[in-house]
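Visitor: build the 3D model from these lines:
(chains A and B)
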Number of protein chains: 2
Amino acid sequence: MKEHVWGMELDRGGEVSLSRQIFVGVREAVLAGRLAPGEALPSTRLLAGQLGVSRNTVCDAYDMLLAEGFLVSRQGAPTRVAEGLAAQDPAGSRYAATPGLPPVPAASPSYPPVVHDFQTGRPDLRVFPWGLWSRMVKEAGENLPPSARGYGEAQGYAPLRSEIAAWLFRSRGMRVEETDIFITAGATQALHLLAVLLPRREEDLFALESPSHPAAFAIAANQGFSPLWLPVDRHGVLIEPLNDQNVSAVYVTPSHQFPLGGILPAPRRAALIRMAEAQGFYIIEDDYDSEYRYTGAPISPLYTLDQGAGRVIYVGSFSKTMFPALRLGFAIVPPALQKAWRTRRTYLDVQSPVLEQAGLALFLQTRSWDKHIRRMRRLYGQKRQALLEAISQHFAGAAVPWGDAAGLHLVLQFPGQTFGEEFIRGSRQDGIRINPVSVYCPGQGEHADKLLLGYGHLNAREIQNGVAALASFMTGY
Amino acid sequence: MKEHVWGMELDRGGEVSLSRQIFVGVREAVLAGRLAPGEALPSTRLLAGQLGVSRNTVCDAYDMLLAEGFLVSRQGAPTRVAEGLAAQDPAGSRYAATPGLPPVPAASPSYPPVVHDFQTGRPDLRVFPWGLWSRMVKEAGENLPPSARGYGEAQGYAPLRSEIAAWLFRSRGMRVEETDIFITAGATQALHLLAVLLPRREEDLFALESPSHPAAFAIAANQGFSPLWLPVDRHGVLIEPLNDQNVSAVYVTPSHQFPLGGILPAPRRAALIRMAEAQGFYIIEDDYDSEYRYTGAPISPLYTLDQGAGRVIYVGSFSKTMFPALRLGFAIVPPALQKAWRTRRTYLDVQSPVLEQAGLALFLQTRSWDKHIRRMRRLYGQKRQALLEAISQHFAGAAVPWGDAAGLHLVLQFPGQTFGEEFIRGSRQDGIRINPVSVYCPGQGEHADKLLLGYGHLNAREIQNGVAALASFMTGY
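Guide: Residues are numbered from 1 along each chain as shown, chains lettered A, B, ... in the order given. Next comes the predicted model:
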């Protein structure tokens, strides 16, 4: 069982040498995209131990992979997977639909490897306490009664709902009944369910921030909604266009507008809620980035300002604070929508898996999550500081940061500049992966002078090198 | 961490005695439905160990719970949760949508506890090798590279797809490329995705077996389809009504028709495929019960008869062979539909959680699954034998079994009898939970003389006692 590394199964009695088998196994994993471009491979010593083979065998396999260009190696750095090799279209990661994960322009085999990666929406997966998490999943699983292995509540595992309610109270002062909390497979599923079940008249629009993540629009459009676009300034969404419009719901990211990064000021929050109550629409509050705030006083979620009017549907996700492949999130659903939610979820995928729900409940109950968030907030704060310093060093007064008070990315405005397709391709040729804000805008030419810099997944050195490379590219641009 | 039993958190320094806290904790779990009616509680010794309290403390708590009627106890049997106490509507389990899980008539507080439970679609959760599974999930998780914690392929974790392809070959001789296998959150999600993305003209119908599980119709109707009902005899679906009809897809359960239990004969399979090719519709083959076959020669899945014409979409589920709360299944998707599938899945819930996919891949790779299925087939075969013997003993020539060659349930026909609402209520008053086939029929009065007996979750004594109780009730009926 030790041999289950990247799906490799070594045949020890066979005719093919073990190093050749490892070569083929890694190559297949690279071509299938299971090993991501740029991903660091384990040391030869570690892999040899995992596979139960000699270190020389692994060295031979790595040498073959380096010779054929599947891996790249630089002195003093770990051996990494080369770029542009995946044979399969990793559509899932390209178009993944949670806010924070951007669409990526189609890869071209002619591009060199990505060296400096400013993609957004990527938490630092390397520092997650996987061993602790793994033990808790095991322990929680062993404490489940056999009946929990059968069909459970579509609303979600009750102890997890109860732990989320407790955490909302201790971290934000939100008083929420566990009976109003509905576990989801993430924010994407919450948005899909709402687009399906929200009450609507035929002429009703679905209001979205512009710019916003394209998945939100796609999900609403899949249910036949036309969009009402709301402009965004550096503080967040502007709600005037909602006046006298027939809208079913407004989807907003008030804690850290995606992608511009504004934190919606309290007066605008109150005005939005008054408008929702007066006009009878729902507010979908996606609180995806609220754990990571570095400056400024905390502002209450829209949900707490709603005073029980039931107009705000709060959507939370564990993708950024735990890890995306966990696929767990939750929504606080007004009583009027709960029956429809249960029915729709049942006919969608019945329920979320019980094992991860039980593990997460234990992770919350033991405060391991609180501790992890505190640690990551410190860490991301240091990364942010490193990024701001590098920006100041390389771009002096030429660039203005936006939206850096929270989250895992910031926006860099270069007044007078225009970033389009040509910029994306040119920087990519220089080994830099970076998106202009304009790719998130429904209209042409909006926010054309702004770049998005995701930094959550980078360390300080990667940040410094990346900004230096960007500055160098822009000098010639 | 030891205290996380049913969400209980004991306050050792508080004013409330530990036994009182356990009493309250269990009571809340019962009222919230987290402890299911009839569920056996752990022994006082075991619970005391789990909670780190003295056995007397637990005995005191159990005594209070018995006194207030939350638990019931019979000599020599474990203490169980009393019936009819859950305060919350367990809608999720009532309307869960995978074939095999029936709708349950609304519970009435006036009913006595269920003693004899013939619900269908319930595997025996008590004998699942949870410890082994738990270790494999942990080991597989620890071997995942950090990048696997991020967003992955919407199509599913590649090593799992590869293991499923290998298993389809060794168990059924099906040659399937892993690139055609799409991991799902279960058969329900597969059916939902297909109802969304299948090509259709405006007038197209969605063909369903009659009787069938109501969830299948609900999922198709949610996408605006009108049904074309296909009658079912004791061998399975009759396809003549499809002639010259405009249908987008036909949803069938050929390996064990739900609920009547027929195994579709090969000539009907071939005719259905010819019709699909001639008329250009898709066949959705739900192979939910195919692992458990007790008599007769195996028949090839429709998928293998399709000869690469791409008209059959094969849907498999791990709910019955592993456990329902795992939420994993798969579909074999024709190339023409793969791109749409990836996009729709991405905007639905992005992907399935990676941890359980990796654990299941290891469970398959190590052949633990094959071994579990072999064991369960033997076990279910013994249960089936016990049921047939009890039927023969109590109903002599009065009842005719249908569909007992496979699966976890059979049908009992009582020629001349009519089972309706009155029968359901009357038997429930006698502590028997049993459904007539008619509750699965779209029309009135169809299959009115047939009862459904789920036996997968019962042991031999429960089966014998249940049939005796049913016979006794029917004597007076």
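
Visitor: and the nearest residue to A:C59 once chain neighbours are set aside, what does it touch?
Guide: Of all residues not flanking A:C59 in the chain, A:T44 sits nearest, at 5.2 Å (CB to CB, 6 or more residues apart in numbering or on different chains). All C-beta spots, glycine's among them, are computed from the backbone N, C-alpha and C. Listed by CB atoms under 8 Å, 6 or more residues apart in numbering or on different chains, the contact set of A:T44 reads A:55, A:58-59, A:62.

Visitor: top of those by number of neighbours, please.
Guide: When neighbours are counted by other CB atoms under 10 Å in any protein chain shown, A:V58 leads the contacts of A:T44 with 25 neighbours.

Visitor: residue contacts, that one?
Guide: Here A:V58 is in contact with A:19, A:22, A:44, A:47-48, A:51 (CB under 8 Å, 6+ apart).

Visitor: dump those residues to TSV, plus secondary structure, distance to A:L168 and pLDDT.
Guide: Output for these, formatted as TSV (DSSP: H, G, I helix; E, B strand; the rest coil; distance: CB to CB, whole Å; pLDDT from 0 to 100):
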residue	secondary structure	distance to A:L168	pLDDT
A:S19	helix	53	82
A:I22	helix	48	85
A:T44	helix	47	85
A:L47	helix	43	85
A:A48	helix	47	86
A:L51	helix	45	84
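
Visitor: let's see if you can find the most crowded of the residues you listed.
Guide: A:I22 (25 neighbours).

Visitor: ok, back up a step: what's the closest of the contacts of A:T44 to B:L168?
Guide: A:V58 (32.2 Å; CB to CB).

Visitor: and A:Q393, that one's in a helix?
Guide: Yes: counting by DSSP: H, G, I helix; E, B strand; the rest coil, A:Q393 is part of a helix.

Visitor: so what's the residue count around the residue nearest to it when sequence neighbours are not counted?
Guide: Excluding its sequence neighbours, the residue lying closest to A:Q393 (CB to CB, 6+ apart) is A:V467, at 7.8 Å. With neighbours defined by other CB under 10 Å, the count for A:V467 comes to 25.

Visitor: distance of A:V467 relative to chain B?
Guide: Look at A:V467 and chain B: by CB to the nearest CB, to the nearest Å, they are 23 Å apart.

Visitor: quick check: that residue touching A:A390?
Guide: Yes: at 3.8 Å, A:V467 counts as touching A:A390 under the criterion of CB atoms under 8 Å.

Visitor: for chain B, what's its nearest residue on the stretch 101-250 of chain A.
Guide: A:A154 (3.1 Å; CB to the nearest CB).

Visitor: my guess is that residue meets A:D349, correct?
Guide: No: counting by CB under 8 Å, A:A154 stays clear of A:D349, with 9.3 Å between them.

Visitor: state whether A:L208 is indeed within a strand.
Guide: Yes: assessed by three-state DSSP, A:L208 belongs to a strand.

Visitor: name whatever forms a beta bridge with it.
Guide: Using DSSP bridges, the bridge partners assigned to A:L208 are A:W229, A:Y251.

Visitor: so who does it touch?
Guide: Neighbours of A:L208 in contact, by CB under 8 Å, 6+ apart: A:216-217, A:220, A:227-230, A:250-251.

Visitor: quick check: it vs A:L191, distance?
Guide: Separation of A:L208 from A:L191 (CB to CB, to the nearest Å) stands at 11 Å.

Visitor: what touches both of those two?
Guide: Residues touching both A:L208 and A:L191 by CB under 8 Å, 6+ apart: A:216, A:220, A:251.

Visitor: could you check which helix or strand contains the first one?
Guide: Put plainly, it is A:A216. helix A:214-222 (DSSP states H and E).

Visitor: follow-up on the earlier one: the residue of the stretch 101-250 of chain A closest to chain B: how many residues sit nearby?
Guide: Residues near A:A154, counting by other CB under 10 Å: 27.

Visitor: could you do A:K320 as well?
Guide: That count, for A:K320 with other CB under 10 Å as the rule, works out to 24.

Visitor: helices and strands around the helix or strand containing the residue nearest to A:Q393, which ones?
Guide: Using DSSP H and E, A:V467 maps to helix A:460-476. Here helix A:460-476 touches strand A:116-117, helix A:368-395, helix A:421-429, strand A:432-433, going by 3 or more CB pairs under 8 Å, 6 or more residues apart in numbering or on different chains; DSSP states H and E.

Visitor: and A:A361, what's its pLDDT?
Guide: A:A361 carries a pLDDT value of 98.

Visitor: leaving out the residues flanking it, which one is nearest to it?
Guide: Excluding its sequence neighbours, the residue lying closest to A:A361 (CB to CB, 6+ apart) is A:L160, at 4.0 Å.

Visitor: correct me, but that neighbour touches A:L360?
Guide: Yes: using CB under 8 Å, A:L160 is in contact with A:L360, at 5.8 Å.

Visitor: what about A:E177, how many residues close to it?
Guide: Count around A:E177 with other CB under 10 Å applied: 11.

Visitor: whoops, I mixed them up, A:G224
Guide: For A:G224, the neighbour count with other CB under 10 Å is 10.

Visitor: over to A:G445?
Guide: By other CB under 10 Å, neighbour count at A:G445 equals 9.

Visitor: from B:R27, how far out is it?
Guide: Counting by CB to CB - A:G445 and B:R27 are separated by 63 Å.

Visitor: ditto for A:E421
Guide: Going from A:E421 to B:R27 by CB to CB gives 63 Å.

Visitor: comparing these two, which shows the higher neighbour count?
Guide: Neighbour totals were compared for A:E421 and B:R27, and B:R27 leads with 18 against 11 (other CB under 10 Å).

Visitor: please verify my assumption that the more buried one contacts B:L66.
Guide: No: assessed by CB under 8 Å, B:R27 is found out of contact with B:L66, at 11.8 Å.

Visitor: contacts only, for A:M376.
Guide: Neighbours of A:M376 in contact, by CB under 8 Å, 6+ apart: A:123-124, A:127, A:291-292, A:321.

Visitor: mind listing the helices for the stretch 101-250 of chain A?
Guide: Using DSSP state H, counting those that start in this stretch, the helices of the stretch 101-250 of chain A run over residues A:130-142, A:158-172, A:187-197, A:214-222.

Visitor: please identify the deepest-packed of these.
Guide: Mean neighbour count (mean count of other CB atoms under 10 Å in any protein chain shown) peaks for helix A:187-197 among those, with a mean of 25.
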